[in-house]
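S.K.: pasting the sequence and the predicted model now:
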Amino acid sequence: MTSASIDSAFDSRLVAQIAGGDAKAVGKLFDRYAGLAYNLALQILNDGAKAEQVTFELFLRIWHEADQFDPSRQEIKTGLLQKAYAIAKAGLPPSAAVAEHWENLTDTELDEILLSQP
């Protein structure tokens, strides 16, 4: 088994865990791919603050849409970067909409996300 296939299998397990409601898995996926997503958004938008918003919006969508990822169709990494690209190109939702999503997370979910960060 190659390193790439091991990574792909790990990512698929993380997304399955996220779809099952595991907030720590979101943190692990964030650790793996937030930098790539941010850099892609920064290249498109040429604005660090907006690139950061795209990155957070991406992972918020992953939290809510993880069950829509199909690792048999494409690698998780590819899907994430395609979503980041689409969010950056389409423009960001108003900050209030992003804040509302975060406000709808329970305290337990927020704690799990924050505690899973290094």
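M.R.: Okay, I see it. Residues are numbered from 1 along each chain as shown.

S.K.: off-centre distance for stretch 15-26?
M.R.: 11 Å (Cα atoms, centre = their mean, to the nearest Å).

S.K.: buried sites along it?
M.R.: Of the residues in stretch 15-26, 15, 17-19, 22-23, 25-26 count as buried by neighbour count, 16 or more other Cβ atoms under 10 Å. All C-beta spots, glycine's among them, are computed from the backbone N, C-alpha and C.

S.K.: what residue is smack in the middle of this structure?
M.R.: For the chain, F59 is the residue whose C-alpha lies nearest the centre (Cα atoms, centre = their mean; 2.6 Å).

S.K.: correct me, but it touches L29?
M.R.: Yes - using Cβ atoms under 8 Å, F59 is in contact with L29, at 7.3 Å.

S.K.: could you point out the longest helix of the chain?
M.R.: helix 23-45 (DSSP state H).

S.K.: show the average pLDDT along the helix or strand following that helix.
M.R.: Once helix 23-45 ends, the next helix or strand along the chain (criterion: DSSP states H and E) is helix 48-65. In this model, helix 48-65 has a mean pLDDT of 92.

S.K.: and helix 48-65 with helix 23-45, angle?
M.R.: 140 degrees (axes from the mean of the first three to the mean of the last three Cα atoms, to 10 degrees).

S.K.: by mean pLDDT, point me to the weakest helix or strand of the chain.
M.R.: helix 95-103 (a mean of 55; mean pLDDT, DSSP states H and E).
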